[in-house]
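> Have a look at this prediction, sequence included:
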Amino acid sequence: MAELPSLFLASLNPDTRKQAEQNLHALSVQPGFLPVLLRLVLETTQDRSVRLAASVFFKNVVKNKWEDEEAPVPEADKAALRSALVAAMIQLSTPGDKTIRAQIAESISLIASVDFPERWSDLIDNLVSSLSPSNYSVNIGVLQTAHSIFVYWRAATRSDALFTVINLVLKSFSKPLLQLLQHTSNLLLTNAPGDATSTPELRAQAQVLLVDLYYDLTCQDLPPDFEDTYASFFGPTDGIFLKFLAWDPPQLRGDPDDTTASLPSQIKTGILEISELHVKLFPEVLQASHAVPALVSSVWELIGGGKRNSIGDDGLVSQSLRFISTAIRSGHYKELFSSKDTISNLLQGVVVPNIVLREHDIEQFEDDPLEYIRTDLSLPAASGLGLGSHDAMTRRQAAADLVRALVSSGLEAETTEVAGAYINQGLQEYNNNKTKGGSWKSKNTAVYLLTAVATRGSTTQQGVTSTNTLVDVVRFFSEHIFQDLQAPAGSVHPLLQVDAIRYLYTFRTQLTKAQLLSVLPLLVTHLSSDNYVCYTYAAISIERILFIKQNNQLLFSQADVHESARPLIDALLKKIEQAGTPEKVAENDYLMRCIMRVIITARSSLVEGYASILARLVNILGVISKNPSNPNFDQYIFESISALIRFITAARPDTLTAFEQALFGPFTFILQSDIDQYIPYVFQLLAQMLDLHTQEVPAAYRELLPFLLTPAAWTQKGSIPGLVKLLKAFLSHDAKHIVANNQHMNVYGVIQTLLKSKANDAWGFELLQAVYQSLPLPVLADARRALVMEMLSRLQTSKTDKFVYYFVLFLLFVSAVNVEGLTPDFTVEVFEGIQPNLWSQILANFVIPQAPKLPTKDRKVAAVGLTKLLTQSSYMLRDSAVQAWPPTFAALVKLFSDPQYLTKNDEDPDAAITTIDFEEQNTGYQASYSRLAASEGAKLDPVAYVRDPREFLGQELVRLSKTDPRVKALLAANPDVAPFVQGLANSGYVV
């Protein structure tokens, strides 16, 4: 592995990256690789870029292979790493190694999430024993390691298992942590002298981590050690946390122009995060400490009157405002905030100064418009943020949230009156000085403040859902906003036009359909604006307006956008096409999302111009294929293509050939070039088009099938669902050809491979269900035993709850489906052939206990499957198995306890596509599956031949009882089912 440094250097060069990465992945499966790689990371004589690249690769290998099913990290390597990693973090404690240390810290947290405490029992003891009262260089490494492990508790769901781990950590870690926090606080507050390993800067870095750990260890509950020392930290006069809110040593302040927070600012922010958490979780303890009034006073001193205006202090100011908002919402401190004077002081001192746009905001609007939009759209929840959710919130958003907190806490009238004065003042200043250069800022501030005071409830998906009854948002729009929305470009400041569009975006659900239709053309006009933020916000607003629902139905239909859809799409495509480079083309995913939404809304009304739209989308796909860079944009462009296929071919089936001719070339290029980000989409679109064929499958698809059945096609985890969907389409439309070419044996091999995998077994069962529905039974008979043996092997060696669920569902599915010649015995006899009476064991251990627990979506299949097992299986009535009949029937009766889920309702065939919403999609490229909702129709009912499962059961029992007199006794064997049997009799099904 001596070539590792050169390989990492090569991986940083675009020309040699792919080959270097392939070589590194080949080496990564060798025993001893990770310990060697860690040594390279720690080797200070190596090029720093090599060490950083190696640390990132180390983290990724840990993430992907530590518990991998096929090629996991060898146990010897795991043990070696667990012994070495804490020492490695200490070795990386120097300031120059901060970014490398972060990668190793994340690696430790990944390993700990799997191995701690069972296989890494000495981890906490090693951390505690490494802490030092004087060497803060070492402490930083230890504390960052601990924080990287404990930080995940913040978002974890409360459970016995979680508290077992927390209590184990607290037993060894809480006292040393609190002692070190008090000791470090004393050193910093007294500015005690120290050597090179205990400088003020190193102590402050450690204090940031100590405060983070205080949050980690109290985010679920207040441990006894923390409760015992509460007064020393939260005391209103001499509490350590209160002292640090006023602590501001000149040597640690940093440059006022710094964009990153100074260490004192980070410490203050962390303390206020803890205070906000404790207001929510431990209100009684915090009230008893009398800390909140003192904290509020400290916050006022910190940020009141527009103090701390630098970018580096944004986090501190936002968190300060969030703390006040949380205290207001708690309802425990009404006496602090309820007077009109206090509300006036809050608005004047901390709200308005932080709503006013700064030069930095205006520069960002002009120079980095996409970041301006993303920041502006990161809306907080109106009800306050969840525990541990340190969402990015700008000063403006935090200030607006404080106003909303006042409005929602019974102070609506007072807050509206005070805010109204500022709003009117800002509007008047603008109206009196429209020609003055900066007067637009007054109106911008007024509009933002009005939006805040008018909002009572909101969601990211629907905008404002309830408003302050004292504010008429529609009237304000007519009197102050509409004029800017319709103003010609250049006649008002572009930020006022953005404000107008944003206002419409925010209050879209408060306007009627007629009002929205009247302003939609103005938004379309803004798509042609030269201002990046303006045309992007127009696209965002159009997309969200078209997504509005009333009574779970989309408000706008294709009739509403019939005339505007094509010009709208044309304007959006022009903006994307003019971007130039692949990265710039894919940069603005808001534009592509709007195209997707217009296509989904316009549907078949795009038939006349679809070919041009498709050609332009394919050209854009060709450009971005050269360097995939934005997963959101990719999702939307493939969704747009899928939606075009869906709606255009529905209106004109003859267009399918045109879609195939346009797409097969680019898809072939993607597959041959192994563009792994796009391959999952390609498989789904191929499946979608193949499913539309009603006659013989074209040769182009058949030529692809041999590749789909090779192991290489299944190596990328994210491709597996799309591949399964495509193979299901082949089975459904071309089963005879598959059998004639003996390709069904390869399909069985794929299924066996999938069933072996804990990650992919569900897809194996889904494909197997399709096989049972599509292939001739004589062909299937040869493979039954091998497939069942694979299932039994999993049940014996690596059973999971998920596997048991799919196993039981499969057995009931193949019993239930209406396939010629397929009876329940077709599967039962396989188990009996392996071992006599094995089927009775399968029933007793899996089917009977699991069937009543199946989710509602599977209950009709389960009911029909159990009914056919009971009434159509000869095995079930043999002397050796008949004892299983009564408990199986009892399981079926339990299924009928939720009868509303046993009748298949008529589904909206477009249900999946009308709910497409990617507001939360920001995860980047992953191996996970990116589902194309537009490619999916309504899920077919595999037992559609049964209208009412209860009637079906009654009919089958009556039929069986005429040929087998034992049925009556079997039904009477369990008294618990007697009421159900009587109910059947009352309905005319007398046994």
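Yep, that arrived.

> which residue ranges form the helices in the stretch 101-250 of the chain?
Per DSSP state H, counting those that start in this stretch, the stretch 101-250 of the chain carries helices over the ranges 123-130, 136-150, 160-190, 200-218, 224-228, 230-234, 240-246.

> roughly how far out does the first one sit from the chain middle?
With Cα atoms, centre = their mean, to the nearest Å as the basis, the distance from the averaged C-alpha position of helix 123-130 to the chain average is 34 Å.

> Look at residue 464 and give its secondary structure.
strand (DSSP: H, G, I helix; E, B strand; the rest coil).

> Tell me the bridge partners for it.
Residue 464 has these beta-bridge partners by DSSP bridges: residue 458.

> Offset the numbering so it begins at 310, please.
Sure, I'll start counting at 310 from here, so that last one is residue 773.

> And it, how close does it get to residue 863?
19 Å (Cβ to Cβ, to the nearest Å). (Each C-beta comes from the backbone N, C-alpha and C, glycine too.)

> So between the two, which is more surrounded?
The neighbour comparison of residue 773 against residue 863 (other Cβ atoms under 10 Å) goes to residue 773, with 21 against 16.

> check contacts around the more buried one.
763-767, 782, 815-816, 818-819 (Cβ atoms under 8 Å, 6 or more residues apart in numbering).

> Filter these down to the buried ones.
763-765, 767, 782, 815-816, 818-819 (16 or more other Cβ atoms under 10 Å).

> By mean pLDDT, flag the weakest helix or strand of the chain.
helix 1220-1223 (a mean of 61; mean pLDDT, DSSP states H and E).

> hang on, the earlier thing: got the buried ones among the contacts of residue 773 as a markdown table, with secondary structure and distance to residue 989 columns?
Formatted as a markdown table, the buried ones among the contacts of residue 773 follow (DSSP: H, G, I helix; E, B strand; the rest coil; distance: Cβ to Cβ, whole Å):
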| residue | secondary structure | distance to residue 989 |
| --- | --- | --- |
| 763 | helix | 43 |
| 764 | strand | 39 |
| 765 | strand | 41 |
| 767 | strand | 34 |
| 782 | helix | 43 |
| 815 | helix | 35 |
| 816 | coil | 38 |
| 818 | helix | 34 |
| 819 | helix | 39 |
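
> Closest one of those to residue 467?
Set against residue 467, the nearest of the buried ones among the contacts of residue 773 by Cβ to Cβ is residue 767 (27.7 Å).

> isn't that closest one right up against residue 774?
Yes - assessed by Cβ atoms under 8 Å, residue 767 is found in contact with residue 774 at 5.9 Å.

> ranges for the helices of the stretch 660-809 of the chain?
661-664, 668-676, 678-686, 704-716, 721-741, 749-763, 782-785, 791-794, 803-815.

> Of these, which is nearest residue 1185?
Taking the helices of the stretch 660-809 of the chain one by one with Cβ to Cβ, helix 678-686 is closest: 59.4 Å.

> That closest one - contacts with which helices or strands?
With contacts taken as 3 or more Cβ pairs under 8 Å, 6 or more residues apart in numbering; DSSP states H and E, helix 678-686 sits against helix 668-676, helix 841-855.

> Of those, flag the one that's most buried.
Most buried of the helices and strands packed on helix 678-686, by mean neighbour count (mean count of other Cβ atoms under 10 Å): helix 841-855, with a mean of 24.

> which element follows the host helix or strand of residue 1157 toward the C-terminus?
Assigned by DSSP states H and E, residue 1157 belongs to helix 1157-1159. Using DSSP H and E, the helix or strand that follows helix 1157-1159 in sequence is helix 1168-1181.

> I'd like the average pLDDT over that next one.
Helix 1168-1181 carries an average pLDDT of 97.

> ok, and what's touching it?
Contacts for helix 1168-1181 (Cβ under 8 Å, 6+ apart): 1118, 1120-1125, 1132-1134, 1137, 1156, 1160, 1163, 1185, 1194, 1197-1198, 1200-1201, 1204-1205, 1207, 1210-1213, 1250-1252, 1255, 1258, 1261-1262, 1265-1266, 1268-1269.

> just checking, next helix/strand downstream of it?
Next along from helix 1168-1181, by DSSP H and E: helix 1194-1204.

> Average pLDDT for that following helix, rounded please.
On average, helix 1194-1204 scores 96.

> With stretch 1131-1150 instead?
95.

> List the buried residues for that stretch?
By 16+ other Cβ under 10 Å, the buried positions in stretch 1131-1150 come out as 1131-1141, 1147-1149.

> Next step: those residues restricted to helices.
The helices, defined by DSSP state H, take in 1133-1141, 1147-1149 from these.

> Farthest-apart pair in the residues you listed, please.
1135 and 1149 (17.5 Å).

> Check the secondary structure at the residue nearest to residue 711 when sequence neighbours are not counted for me.
Leaving aside its chain neighbours, residue 711 sits nearest to residue 634 (4.7 Å; criterion: Cβ to Cβ, 6 or more residues apart in numbering). The three-state label given to residue 634 by three-state DSSP is helix.

> hang on, the earlier thing: any quick PyMOL command for the buried ones out of the contacts of helix 1168-1181?
Buried residues within these, by 16+ other Cβ under 10 Å, are selected in PyMOL with:
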select buried, resi 1118+1120+1121+1122+1123+1124+1125+1132+1133+1134+1137+1156+1160+1163+1185+1194+1197+1198+1200+1201+1204+1205+1210+1211+1213+1251+1252+1255+1258+1261+1262+1265+1266+1269
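
> Turn the helices and strands packed on helix 678-686 into TSV, including distance to residue 790.
Putting these into TSV (distance: least, Cβ to Cβ, whole Å) gives the following:
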stretch	distance to residue 790
helix 668-676	19
helix 841-855	13
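
> and which of the contacts of residue 773 is nearest to residue 671?
The closest of those, once distances to residue 671 are taken by Cβ to Cβ, is residue 815, at 20.8 Å.

> so what's the closest one scoring on pLDDT?
For residue 815, pLDDT reads 94.

> swap in residue 774?
Residue 774 is given a pLDDT of 82.

> How about the one 4 residues further on?
Model confidence at residue 778, expressed as pLDDT, equals 92.

> again, but for residue 697
pLDDT, residue 697: 34.

> what does residue 1007 give?
96.

> Kindly report the same for residue 742.
88.

> so where's this structure shaky on pLDDT?
310, 688-701, 1207-1238 (pLDDT under 70).

> what about the strands in it?
764-768, 772-776, 858-859, 862-863 (DSSP state E).

> Check which helices and strands the third one sits against.
What it means is strand 858-859. Counting by 3+ Cβ pairs under 8 Å, 6+ apart, strand 858-859 packs on no helix or strand.

> neighbouring strands for it, and are they parallel or not?
strand 862-863 (antiparallel).

> Would you mind pulling the contact partners of the partner strand?
Taking Cβ under 8 Å, 6+ apart as the rule, strand 862-863 contacts 855-857, 910, 1223.

> The spatially closest residue to residue 760 that is not a sequence neighbour and residue 768, how far apart?
Of all residues not flanking residue 760 in the chain, residue 815 sits nearest, at 5.8 Å (Cβ to Cβ, 6+ apart). Distance, residue 815 to residue 768, by Cβ to Cβ: 12 Å.

> do residue 1160 as well
38 Å.

> Now do the same contact list for the residue nearest to residue 1147 when sequence neighbours are not counted.
Closest residue in space to residue 1147, ignoring its immediate chain neighbours: residue 1140 at 4.5 Å, by Cβ to Cβ, 6+ apart. Residues in contact with residue 1140 (Cβ under 8 Å, 6+ apart) are 1097, 1147-1148, 1151.
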